[in-house]
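Asker: Have a look at this prediction, sequence included:
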Amino acid sequence: MAKQAARPRLAFLGVGWIGRHRMEAVAHSDCAQIVAICDADCEAATQAAQRQVDAQIVDSLDALLETEPDGVVIATPSGLHAQQAINALEHGAAVFCQKPLARTEAEARQVIEAARGANRLLAVDFCYRTLDGVPRLRELIRTSELGRIYAIDLVFHNAYGPDKPWFYDLTQSGGGCVIDLGIHMVDLALWALDFPAVREVSSRLYAQGKTIAKPTRELEDYATAQFELEDGATARLTCSWHLPAGCDAMIEATFYGTEGGAAVRNVNGSFYDFQVEHFRGTARATLGTYPDNWGGRAVLEWVRHLSRDHCFDREAERLAEVTKIVDAIYGR
């Protein structure tokens, strides 16, 4: 059984681009000891381990857990997340998982119950929460400086789409652009608003320009959705893969209130550069800007939490609320 440590022992399951980036953020901060690495691609595991001289390269999750880590960072194909997280939690390790935590709400709740039963910390890499200025935007909303929020516009268009075949296999991915990209915007809106109840969800899904039936049996590459919140606010989401948008990406979350507005927007089509602003009529003030090395902040926050306390945090219960809306968009 893993035990809490002041400098946690971590294992990394999946070290493709995202997993390796998160591992490098941890290694650079020196806030944890990296003890084991596992990836189905042996070359990826070897390359990731080159700078982690004390880390073992192992060939399975079971072998990874035998190293008795305090926490496991999961960055594998989405369809594997839920069961891998449950296995790690039941072994006594905390979990930090790439999104989505699971393909469905039912799977997500199974993971959450496993974390509760094992009394272990569980978090998901919703990294846009950590952009420079976003915590301040959230504070403006929660202190009512924007007045009553009544409209939220959410956008995530990716001109390329994923480059891994498993993304296009519904059984492995759980869906298309909504569960890959839109889920980030759904989480950001709910988190900023302190997770209000959602009364109604409507959506339309497209594949290569044609609408597809729900519950979906096809992968969508474009989606629109609207969800009504308990206080009367309306959130509108659009997201896509392979959109001829004239730039690499369009990413935005804008909140409109009776006393002002605020927005998170990518700059010049970048996946990495963002501007966060506060609006009052035609005036604007900058809350956060670029350059900003934000990609590893979420995992570092999890590590700091783990170093203090490895026990279940009820904030993890919110993870199912995000997946519930994704399920509703898919008509599940």
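Answerer: Yep, it's here.

Asker: start to end distance for stretch 244-262?
Answerer: One end of stretch 244-262 sits 27 Å from the other (Cα to Cα, to the nearest Å).

Asker: Tell me where the stretch 201-332 of the chain has strands.
Answerer: With DSSP state E, counting those that start in this stretch applied, the stretch 201-332 of the chain shows strands at 210-211, 222-229, 234-241, 249-257, 260-266, 274-280, 283-288, listed in chain order.

Asker: give the contact list for Ala63.
Answerer: Ala63 sits next to 36, 38 when contact means Cβ atoms under 8 Å, 6 or more residues apart in numbering. C-beta: built from backbone N, CA, C; applies to glycine.

Asker: Determine the three-state secondary structure at it.
Answerer: Assigned by DSSP: H, G, I helix; E, B strand; the rest coil, the conformation of Ala63 is helix.

Asker: domains of the chain?
Answerer: 9-125+296-314, 132-293 (automatic domain parsing).

Asker: among these, which is the most enclosed?
Answerer: Of all the domains of the chain, domain 9-125+296-314 carries the top mean neighbour count, a mean of 20, counting by mean count of other Cβ atoms under 10 Å.

Asker: how much distance is there from it to the middle of the chain?
Answerer: Averaging C-alpha positions (Cα atoms, centre = their mean, to the nearest Å) puts domain 9-125+296-314 14 Å from its chain's average.

Asker: Any idea how far apart the tips of that domain sit?
Answerer: Domain 9-125+296-314: ends 23 Å apart by Cα to Cα.

Asker: Against which helices or strands is the helix or strand hosting Ile57 packed?
Answerer: Applying DSSP states H and E as the criterion places Ile57 in strand 56-58. In this structure, strand 56-58 packs against strand 33-38, helix 42-49, with contacts taken as 3 or more Cβ pairs under 8 Å, 6 or more residues apart in numbering; DSSP states H and E.

Asker: CA atoms only: put the helix or strand of the chain with the lowest mean pLDDT into CSV for me.
Answerer: Lowest on mean pLDDT, DSSP states H and E among the helices and strands of the chain sits helix 42-49, with a mean of 90. The C-alpha trace of helix 42-49 is given here as CSV (Å, rounded to 0.1, in the frame of the first residue of the first chain):
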residue,chain,number,x,y,z
CYS,A,42,9.0,1.0,-25.8
GLU,A,43,10.9,3.7,-27.7
ALA,A,44,8.7,6.4,-26.1
ALA,A,45,9.4,4.9,-22.7
THR,A,46,13.1,4.8,-23.3
GLN,A,47,13.3,8.4,-24.5
ALA,A,48,11.2,9.6,-21.6
ALA,A,49,13.5,7.8,-19.1
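
Asker: what's it packed up against?
Answerer: helix 17-29, strand 33-38, strand 56-58.

Asker: Compute the inter-axis angle for the longest one and helix 42-49.
Answerer: For helix 17-29 against helix 42-49, the angle by axes from the mean of the first three to the mean of the last three Cα atoms, to 10 degrees is 20 degrees.

Asker: So which residues lie in contact with helix 17-29, not counting its own?
Answerer: With contacts defined as Cβ under 8 Å, 6+ apart, helix 17-29 is touched by 10, 12-13, 15, 32, 34, 37, 39, 44, 47-48, 51-52, 73, 75-76, 96, 98, 125, 295-297, 299-300, 303.

Asker: what is the rounded mean pLDDT of it?
Answerer: Mean pLDDT, helix 17-29: 95.

Asker: Against Glu315, how distant is Phe274?
Answerer: Distance, Phe274 to Glu315, using Cβ to Cβ, to the nearest Å: 24 Å.

Asker: Based on its surroundings, how many neighbours for the closest residue to Pro135 other than its chain neighbours?
Answerer: If the residues on either side of it in the chain are set aside, Pro135 comes closest to Arg129, at 7.7 Å by Cβ to Cβ, 6 or more residues apart in numbering. By the other Cβ atoms under 10 Å criterion, the neighbourhood of Arg129 contains 18 residues.
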